[in-house]
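Participant: here are the coordinates; sequence isn't available:
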């Protein structure tokens, strides 16, 4: 029986976990007799360290966003090549821990949805410490410089632009596959969305991430002045936001708490006419699959600002400005035939740029990687002296 493990990041639910779970579901359904398991390298190393990093990360973003943004730009976007010089001081310790994990789990294939385990595994493969195939799965619309590259067997890339960049950096184009950011099959594509024109009220779904970040302050005033838009606000685990919206009693605003059911979330997408959101990678990909016009209300420093830059350059989403009301901006876009035509064309172009457009394409490529590894492993068992990987 084959075993596939997925390295995510931290225990807090995030896009890294959602992408891993989407692929786990796909592998379990389409590859037959297979065991899947999701792990976090930091939790395996030290649960206490994982909790401290998780707590510190969110508080850092909230309290010093500009500092976080500068640090992210310096170390994650303009730093040294990941496989050779990045963050050397902690690599030996994490490499030893990764060795222990691989010896315990004995996987046939590894997926990484975060850069840290990818970096460690790439380093191990370059130095002959691991022969197991590793696939990077990116959860933002760009590739930062911390991800492992040279030692990685395949890259499931978010955009054609990212593929061109890695190809120019010297990676084998055959290992670079534009898949988009993985989305769970529960989020089914809507083929016949009702037309918006001529309706007296439209439905906007407002997302702010699991913690509801970004949907506070001036949004209450903007909601209260809306006459032609009904808002469903996803508050996530932000109970304060939920209570505030609930106590206001606005007839056109419905706050919703944390949703764990993908089917329930899919139903909300299907009921909506537009999506107002932060530029988190997985949420954006869900919106693209649903082909919902997306309006960006705010962005966290670091990754989300890069995502926002890509979206606006490619015409895949619309920014919201402080100068005019929320309703005016949304209705202005939706009632403008040329802007909607350009947006539709941009979304279709993004979809057509994918190398792997169906589940079957993804599974076929995974099977090719696994078959190659299994063939090499069988050959090495017959001729042990020829096999050096892992020594």
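Facilitator: Sure thing, it's come through. Because the structure is a prediction, the values reported are computed rather than measured.

Participant: what about this protein, any weak spots by pLDDT?
Facilitator: 11, 57-58, 78-89, 191-194, 197-198, 209-226, 382-391 (pLDDT under 70).

Participant: can you map out the strands along it?
Facilitator: For the chain, the strands defined by DSSP state E occupy 2-7, 34-39, 109-112, 134-137, 154-157, 176-178, 202-207, 229-236, 253-257, 274-277, 294-296, 318-319.

Participant: ranking these by burial, who's on top?
Facilitator: strand 109-112 (a mean of 27; mean count of other C-beta atoms under 10 Å). Every residue, glycine included, has its C-beta placed from N, CA and C.

Participant: elements contacting that strand?
Facilitator: strand 2-7, helix 115-126, strand 134-137, helix 359-382 (3 or more C-beta pairs under 8 Å, 6 or more residues apart in numbering; DSSP states H and E).

Participant: Could I get the full set of helices for the stretch 51-200 of the chain?
Facilitator: Using DSSP state H, counting those that start in this stretch, the helices of the stretch 51-200 of the chain run over 65-72, 91-105, 115-126, 160-168.

Participant: I'd like the helices and strands packed on strand 109-112 as CSV, with distance to residue 35 appended.
Facilitator: Shown next, in CSV, are the helices and strands packed on strand 109-112 (distance: least, C-beta to C-beta, whole Å):
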stretch, distance to residue 35
strand 2-7, 5
helix 115-126, 19
strand 134-137, 17
helix 359-382, 13
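
Participant: Turn the strands of the chain into TSV, including distance to residue 196.
Facilitator: Output for these, formatted as TSV (distance: least, C-beta to C-beta, whole Å):
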stretch	distance to residue 196
strand 2-7	39
strand 34-39	39
strand 109-112	38
strand 134-137	34
strand 154-157	33
strand 176-178	30
strand 202-207	6
strand 229-236	11
strand 253-257	19
strand 274-277	8
strand 294-296	14
strand 318-319	14
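
Participant: ok, the residue most central in space within the chain - contacts?
Facilitator: When C-alpha atoms, centre = their mean is applied to the chain, the residue found nearest the centroid is residue 139 (2.7 Å). Applying C-beta atoms under 8 Å, 6 or more residues apart in numbering to residue 139 gives the contacts 15, 16, 18, 19, 113, 114, 158, 181, 281, 282.

Participant: 10 Å - rerun?
Facilitator: 8-9, 14-20, 113-115, 158, 181-182, 280-282, 285, 303, 307 (C-beta atoms under 10 Å, 6 or more residues apart in numbering).

Participant: Please tell me how far it sits from residue 189.
Facilitator: As judged by C-beta to C-beta, to the nearest Å, residue 139 and residue 189 stand 20 Å apart.

Participant: what number of residues lie near residue 362?
Facilitator: 20 (other C-beta atoms under 10 Å).

Participant: what does residue 63 give?
Facilitator: 9.

Participant: How many neighbouring residues does residue 71 have?
Facilitator: 14.

Participant: What residues does it make contact with?
Facilitator: 60, 64, 301, 302.

Participant: Same question for residue 361.
Facilitator: With C-beta under 10 Å, 6+ apart, residue 361 has these contacts: 177, 179, 354, 355.

Participant: Going by neighbour count, which of those residues comes out on top?
Facilitator: Of those, with other C-beta under 10 Å as the count, residue 179 tops at 22 neighbours.

Participant: Could you tell me the end-to-end distance of stretch 118-134?
Facilitator: Stretch 118-134 stretches 8 Å from its first residue to its last (C-alpha to C-alpha, to the nearest Å).

Participant: Buried residues, it. List them.
Facilitator: 118-126, 129-134 (16 or more other C-beta atoms under 10 Å).

Participant: Domain map for this protein?
Facilitator: Per the record, the chain has its domains at 2-182+358-386, 202-352, by automatic domain parsing.

Participant: For the closest residue to residue 186 other than its chain neighbours, grab the count of nearby residues.
Facilitator: Distances taken as C-beta to C-beta, 6 or more residues apart in numbering put residue 262 closest to residue 186, at 3.6 Å, once the chain neighbours are dropped. Residues near residue 262, counting by other C-beta under 10 Å, number 17.

Participant: wait, residue 262 sits on residue 282?
Facilitator: No: between residue 262 and residue 282 there is no contact under C-beta atoms under 10 Å: 11.6 Å.

Participant: shared neighbours of the two, which are they?
Facilitator: 18, 22, 184, 187.

Participant: got the contact list for the first one?
Facilitator: I take that to be residue 18. 8, 113, 139, 181-184, 210, 262, 280-283, 285-286.

Participant: one more time with 6 Å
Facilitator: By C-beta atoms under 6 Å, 6 or more residues apart in numbering, residue 18 lies in contact with residue 282.

Participant: For residue 139, see how far away it is.
Facilitator: 8 Å.

Participant: The third one too?
Facilitator: For residue 184, the distance to residue 139 equals 13 Å [C-beta to C-beta].

Participant: what do you get for residue 342?
Facilitator: Taking C-beta to C-beta, one finds residue 342 at 27 Å from residue 139.

Participant: cool, and residue 292?
Facilitator: 19 Å.

Participant: do the same with residue 177
Facilitator: Residue 177 is 15 Å from residue 139, by C-beta to C-beta.

Participant: same thing with residue 72?
Facilitator: From residue 72 to residue 139 the distance is 15 Å (C-beta to C-beta).

Participant: if we can go back for a sec, same list (the domains of the chain) but as JSON lines, adding distance to residue 195.
Facilitator: As requested, the domains of the chain are exported to JSON lines (distance: least, C-beta to C-beta, whole Å):
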{"stretch": "domain 2-182+358-386", "distance to residue 195": "26"}
{"stretch": "domain 202-352", "distance to residue 195": "10"}
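
Participant: For the contacts of residue 71, pick the one with the most neighbours.
Facilitator: Of the contacts of residue 71, with other C-beta under 10 Å as the count, residue 302 tops at 20 neighbours.
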